[in-house]
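> Predicted model and sequence follow; I will ask about them next.
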Amino acid sequence: MERMVVDSAMASAVRIIASDGSDAEVTPAMASALAAIREVEATCSRFDPASELSLANARTTGCHEASGLLLTMISLAVAGYHSTSGRFDPRVLTDLERMGYDRTFTELEAASGSVGDRAALAPWSPVVDLEHGVLDLRGEAIDLGGVAKGAAADLGLAAMAAVGVHGLIDIGGDGAVSGPDAAGAAWSIGIEDPHGGSEPLAVFSLALGGYATSSTRLRHWEIDGAPVHHLVDPISGQPGGSGLRSVTVLAPSGSQAEIAAKAAFLAGVEGIAGHAAERALACFWVDDSGRSSWSDAFAPSLTWIRS
């Protein structure tokens, strides 16, 4: 029988579902998972001035000590930067702040900012020394947002697995699973309609791995009457993904799914099919007109789509 905990963290609703294990095992396992998620939030939130990431962003020049958790999160971001040829780049923090997104989105009512081209970013090469616990951001502040959320789901599942419990963790519609559901089948997970509505647009199945959606449904605003959103192209410093409303990706882990979804979204409606095919990416996308499309690699997981 599945057991579930619903809570909140990382500015999102959190669902932790255990698919196996005794009552004596499941309760502490889910508590450990939630604690792991909240530790990632406390470490990596750019909106909390006391978080370790905020403190690191305030002293971007020079080597200093950092926790293993923060270094691990930044290592994931560096790997994502290289695997996407720079399409995923956490240095877009500066662009987000320039566009007024310098506070939590619930506090962002009417942004005063600017949108425009800026000089191209140099290659990203922070010093991330896990062995010696040392970090040097080399003068560039970062936002770990999505990759930290995906990694939080991964770490929560790892905390459960350490005591023999498996299941699903969803954080604001993104997450990961560590095995089949209580009936021994793949989980059925809905994809939200980026044009609105409470019913899912499609459903996919997943027995192991991560999933993430990059969407403009919620985090969009206006600057001087011009619409903007939070999915920034690191090349131009402006909102990217022309012609797309959302992209959902399946990957081996939650953090990898977050990185891949962001990079795929930035390929735009004209480039996403080729981007997904080139990388054999399990990818489902919705364009501005509401049309849904998916890659060959996603097709085996697609179990239902609204007609």
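Sure, I can see it.

> you'd agree residue 142 is up against residue 77?
Yes. With contact defined as Cβ atoms under 8 Å, residue 142 reaches residue 77; the gap is 7.0 Å. The way it works is simple: take the backbone N, C-alpha and C, and place the C-beta from them, glycine included.

> What is the burial count for residue 119?
Residue 119: 6 surrounding residues under other Cβ atoms under 10 Å.

> which SS class is it?
coil (DSSP: H, G, I helix; E, B strand; the rest coil).

> In which helix or strand does the one residue sitting closest to the centre of the chain reside?
Compute the mean C-alpha point of the chain, and by Cα atoms, centre = their mean the closest residue is residue 146, 2.8 Å away. According to DSSP states H and E, residue 146 maps onto helix 145-161.

> Equivalent analysis for residue 276, please.
Here residue 276 is assigned to helix 268-279, by DSSP H and E.

> Check which helices and strands the helix or strand following that helix sits against.
For helix 268-279, the following helix or strand on the C-terminal side (DSSP H and E) is strand 282-287. Strand 282-287 is packed against strand 244-251, helix 254-266, helix 268-279, strand 292-294, with contacts defined by 3 or more Cβ pairs under 8 Å, 6 or more residues apart in numbering; DSSP states H and E.

> Now do strand 282-287 against helix 254-266, angle only.
40 degrees (axes from the mean of the first three to the mean of the last three Cα atoms, to 10 degrees).

> now strand 282-287, how far from the centre of its chain.
A distance of 16 Å separates the centroid of the chain from that of strand 282-287, by Cα atoms, centre = their mean, to the nearest Å.

> Need the contact partners of that strand.
Outside strand 282-287, the residues within contact range by Cβ atoms under 8 Å, 6 or more residues apart in numbering are 191, 193-195, 201-202, 204, 243-251, 260, 264-265, 269, 272, 275-276, 292-295, 297-298, 301-302.

> buried subset of those residues?
191, 193-194, 201-202, 204, 244-251, 260, 264-265, 269, 272, 275-276, 292, 294-295, 297-298, 301-302 (16 or more other Cβ atoms under 10 Å).

> What is the neighbour count of the closest residue to residue 151 other than its chain neighbours?
Closest residue in space to residue 151, ignoring its immediate chain neighbours: residue 255 at 4.2 Å, by Cβ to Cβ, 6 or more residues apart in numbering. The burial count assigned to residue 255 is 28, neighbours taken as other Cβ under 10 Å.
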